[in-house]
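Student: Predicted coordinates and the sequence they were generated for:
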Amino acid sequence: MIVRIDSLTFRYPNGTTALDGVSFSVEAGERVAILGANGAGKSTLARHLVGIERPASGTIEIDGRRTDGLGIAELARTVGFVFQNPDDQLHAASVVKEVGFGPRNLRFPPARRTELVESALRRTGLTELRDTHPHHLSLGERKRVALASVLAMDTPVVVLDEPTTGQDHASVVLLGNLVDDLATDGRTVLAITHDMDFCAEHFDRVIVLENGGISWDGPVAHWLAQVADMAGQTLELPQMTRLGRRLGWAGPVSTVAGFLERLASEADPAPVPSTAP
Amino acid sequence: MNAVRDTAHATGASGIHRLNPLTKLAFAVTVTVCAFAVVDYRWPLLLFGILLLPAAIGAGVLRRFLLMLTTFWVPVAVVLFVVQGFFLPGAHDVIAQLGPLKLKSEGVSFALLTALHILVLMSGFFLLLLTTHAGAFMSALSERKVSPSLIYIVSAALQIVPALSRRATRILHAQQARGQVIHGLRGRARALVPLMGPLILGAFTDVGERAAAMETRGFGATRHPTSLTAVPDSGVQRCLRAAMMLCAVAAVTVNVWGVVR
Amino acid sequence: MIEVKGFSFTYPTGSRPALSDVDFEVEPRELCAVVGGGGAGKSTLAGVVSGTVPHLTGGTAQGTVRVNGRDLDDTPLSGLVGEVGLVMQNPFNQISGARFSVREEIAFGLENLGVPRDEMAARVDLVLDDLGLTGVRDRSPYELSGGQQQLLAIGSVLVMRPTVMVLDEPTSQLDAAGNALVFEALGTLKEQGVTVLLIEHRMERLAHAADRVLVLDRGAIVAKGTPGEVLADERLEEWGVAPLRYTVAARRAAGRGLWPARKPLPVTLDAAAAGFGETVDHLDRGDWR
């Protein structure tokens, strides 16, 4: 277990409970989407993983170590956190220096550092912009710089806070591929997101937060099957899930590929029960 | 600092809360001027005891009132006693000796008087802060035709400075999450650029955008802006303010006359 | 009414034009959406139509921009207050900092225009209710979440009842419920005769709400038309815009003969369900092809 959270409870200074007895574990290489309405406690939960918030009660274990005594900078070796607003962190005079900031802090040897920085730039499509001042980039590009600067720290866990917000199409495609690649490399990805299509296409598991507690935890497909019949107001289901439902199909589809496969099986001459609306 | 941070949104139902902010401002000014007018340490003490402390109790803000005094007045008083008690120039009357340092009575009485003056000044303004919603205060000023730009500078300082400090915290967290250690002197010095860079750059973009937003929302469009919040006022309060102002002028006159004679 | 003719613009520090030879019109009661990749010039266009660019930014401009018949070149920004509303990308910078509660913040623009107190209070409360902000009306604007700040920024412009409304990604931090409220409010505005220009990334919302869509690519308009025409265009991805999954699925299905030949590619759930429903019906009856 790379992440293990047990009965995590957290209150704001004003006494409101933000998280109430949250427990879950994540294995290495899992892609977990954290969903929930605004104010459900998603960001607060994520901030605990990097030690910015400290639980009122309960424990957090990352890579076998309790996080209680560890500072944010120490936790940075295991958990990389990509914040929502890149402008809260970009300070260096060039993209390559910005991306090198984390590896330098973590005191990787120079050769390893170069390797990590180059690989992060390549994976985020920033190689050509390496000498540009981050201030001269568009918001989408700055978000990619922030992402690269965390990737370069080579942490076993990567946490993304609303990665697709404000991103154009090309960046979202790149981001999706990146999430898949990280998981293939055995790194764990946790992402807070509102983007249900992104979630359906690139994640294995969803954790849904509601009023500070977990209301669902399990495989994406099971969750979609469970909620497909409810008129979701706060969470918009993936486009293909809604289409499948309108066609009266039993069981959810969530991606274009899944939908076409299902459609092709309908075209199969084998007897198909009439399911048209 | 938390005691101070929430004062912009003071809410309460006491009679003091409901007073016109200008009445409370006039009170704070008058009581301060009066305290400074008489050179006797019992006089500010009396003002504190019969006016300010009961007012804090009456408004139901005693706990926070005392907390703010402890935070701000106590350190000032301590410094005053040490500096004036030991080092007041021209003082001779030694009442105690601590190694090479001599505590002198003239210094102690000077420190006592000054500390009590400051106690009255701080109490008056803390009372105003603790019982006045900043919005109501600004509305009261704008009804008095105080320049909107001046009011804006004051209210923006009250709000945007805390917002900046929250942003600084976010930046620090973001940099620490990238492995930056900010312990010790060297760590802190090294953390300065990654903190100030985004903070200043961000502030510059923010100012430009905010100016555009303010302009599209008509800031400065008319000489006679209205205000959503009605600020309660009454004939009695107007008379009271006039009386307090007279009082303050009288105190100053008596004081100056006394000195001149 | 927005009329932009042959408009080009370069920022003072820009090496290439942020907008080049842009031409379009938006009528009252019309919601025109602007889509495009990062750096395509969408926010600049929002600034141009609301009068902040080039008045506040400087830079060189050619061509004309007319709003409600007035040439913005000769109209000072103060002359547009209350007539043109601008909701910017970052709600934090739209909050004045001059007011201490959500309710006062929404009133700020009306106060500046000298609207009488009773009328002001009624208009403010209506907007609070429309945007679901009544519960936080007495809170400090700075204590709100990003999503709530976006609603506040929209409310503070809505309350001024502009006849032209320009919104730059106004719902990026909002969940589905907040999004629904905003689009409902935009629908009401349209009915009231307001001209709306909306920059938005979420194509499914646009497919329903927009009357027309403009695609910007590197500062130039490369396509304009109804959502059905523009969002189903196969060059959409080249222009940096995400196609809807409905369109992608239908295009791929069509390649295998599984989309009704006469039907245009769908950009809404309804159109997709109708088309694929037909496919499934035919498959069931076995009379496909």
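Tutor: Great, that's in hand. Nothing here was measured: the structure is a model prediction, and the numbers come from that model. Numbering: from 1, shown residues only, chains lettered A, B, ... in the order given.

Student: ok, A:A40 to B:M122 distance?
Tutor: 43 Å (CB to CB, to the nearest Å). No exception for glycine: its C-beta is placed from N, CA and C like everyone else's.

Student: Looking at the two, which one has more neighbours?
Tutor: Neighbour count, other CB atoms under 10 Å in any protein chain shown: between A:A40 and B:M122, A:A40 has more, with 23 against 19.

Student: Please name the residues that touch that one.
Tutor: For A:A40, the contacting residues are A:L209, A:E210, A:N211, A:G212, by CB atoms under 8 Å, 6 or more residues apart in numbering or on different chains.

Student: same thing but at 6 Å, please
Tutor: A:L209, A:E210 (CB atoms under 6 Å, 6 or more residues apart in numbering or on different chains).

Student: any idea whether it is helix, strand or coil?
Tutor: coil (DSSP: H, G, I helix; E, B strand; the rest coil).

Student: And the pLDDT at it?
Tutor: Listed pLDDT for A:A40 reads 87.

Student: Kindly report the same for A:P271.
Tutor: A:P271 is given a pLDDT of 48.

Student: same check, this time on C:V53
Tutor: Predicted confidence (pLDDT) for C:V53: 89.

Student: any idea how far chain A is from it?
Tutor: Using CB to the nearest CB, to the nearest Å, C:V53 is found at 16 Å from chain A.

Student: Now look at the lowest-mean-pLDDT helix or strand in chain A and say if it contacts chain C.
Tutor: Between all helices and strands in chain A, the lowest mean by mean pLDDT, DSSP states H and E belongs to helix A:220-227, at a mean of 86. No: using CB under 6 Å from any CB of the partner chain, helix A:220-227 never reaches chain C; the gap is at least 12.6 Å.

Student: Helices along the chain, start to end?
Tutor: This is for chain A. Using DSSP state H, the helices assigned to chain A run over residues A:42-49, A:72-75, A:95-105, A:110-123, A:139-151, A:169-184, A:196-202, A:220-227, A:239-246, A:256-267.

Student: The intended chain is chain B.
Tutor: Going by DSSP H, chain B shows helices at B:2-5, B:15-18, B:21-37, B:42-47, B:53-58, B:62-87, B:105-131, B:134-143, B:148-176, B:184-216, B:235-260.

Student: got the buried residues for the second one?
Tutor: The neighbour-count check on helix B:15-18 (16 or more other CB atoms under 10 Å in any protein chain shown) flags B:I16, B:H17 as buried.

Student: got a list of contacts for that helix?
Tutor: Contacts with helix B:15-18, where a contact means CB under 6 Å, 6+ apart, come from B:A59, B:T131.

Student: what stretches of the stretch 151-277 of chain A score poorly on pLDDT?
Tutor: For the stretch 151-277 of chain A, the stretches with pLDDT under 70 are A:228-235, A:268-277.

Student: and it, which residues reach chain C?
Tutor: So far as CB under 6 Å from any CB goes, the stretch 151-277 of chain A lies against chain C at A:165-166, A:168-170, A:194, A:233-234, A:236, A:239-240, A:242-243, A:246-247, A:256, A:259-260, A:263, A:266-267, A:274, A:276.

Student: Select only the buried ones of the residues you listed in ChimeraX?
Tutor: Selecting only the buried entries of these in ChimeraX, with 16+ other CB under 10 Å as the criterion:
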select /A:165,166,168,169,170,194,234,236,239,240,242,243,246,247,256,259,260,263,266,267,276
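
Student: Quick one: classify the spatially closest residue to C:V35 that is not a sequence neighbour as helix, strand or coil.
Tutor: Among residues not flanking C:V35 along the chain, C:V241 sits closest, at 4.9 Å (CB to CB, 6 or more residues apart in numbering or on different chains). Secondary structure assignment for C:V241 (three-state DSSP): coil.

Student: Show me the residue sitting in the middle of chain C in space.
Tutor: Centroid check for chain C by CA atoms, centre = their mean gives C:L198 as the closest residue, at 1.3 Å.

Student: Identify the bridge partners of that residue.
Tutor: When bridges are taken as DSSP bridges, the partners of C:L198 come out as C:A33, C:L167.

Student: give the contact list for C:E104.
Tutor: Counting by CB under 6 Å, 6+ apart, C:E104 has contacts B:G135, B:L228.

Student: let's see 8 Å
Tutor: For C:E104, the contact set (CB under 8 Å, 6+ apart) comprises B:G135, B:L228, B:T229.

Student: Same check on A:I34?
Tutor: A:I34 is in contact with A:K42, A:L45, A:A46, A:L190, A:A191, A:I192, A:T193, A:V206, A:I207, A:L209, counting by CB under 8 Å, 6+ apart.

Student: The second one reaches A:F24, doesn't it?
Tutor: Looking back up the chat, that one is A:L45. No: using CB atoms under 8 Å, A:L45 makes no contact with A:F24, being 9.6 Å away.

Student: of the two, who's got more company?
Tutor: Using other CB under 10 Å as the criterion, A:L45 and A:F24 rank with A:L45 on top: 27 against 16.

Student: re the thing from before, may I see the helices of chain B organised as a markdown table, with distance to A:L174 and mean pLDDT added?
Tutor: A markdown table is the format used below for the helices of chain B (distance: least, CB to CB, whole Å; pLDDT from 0 to 100):
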| stretch | distance to A:L174 | mean pLDDT |
| --- | --- | --- |
| helix B:2-5 | 41 | 48 |
| helix B:15-18 | 56 | 88 |
| helix B:21-37 | 55 | 91 |
| helix B:42-47 | 69 | 92 |
| helix B:53-58 | 60 | 94 |
| helix B:62-87 | 51 | 92 |
| helix B:105-131 | 51 | 92 |
| helix B:134-143 | 46 | 84 |
| helix B:148-176 | 22 | 85 |
| helix B:184-216 | 24 | 84 |
| helix B:235-260 | 65 | 86 |
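
Student: List just the one of those helices that sits closest to A:D154.
Tutor: Closest to A:D154 of the helices of chain B, according to CB to CB: helix B:148-176, at 17.5 Å.
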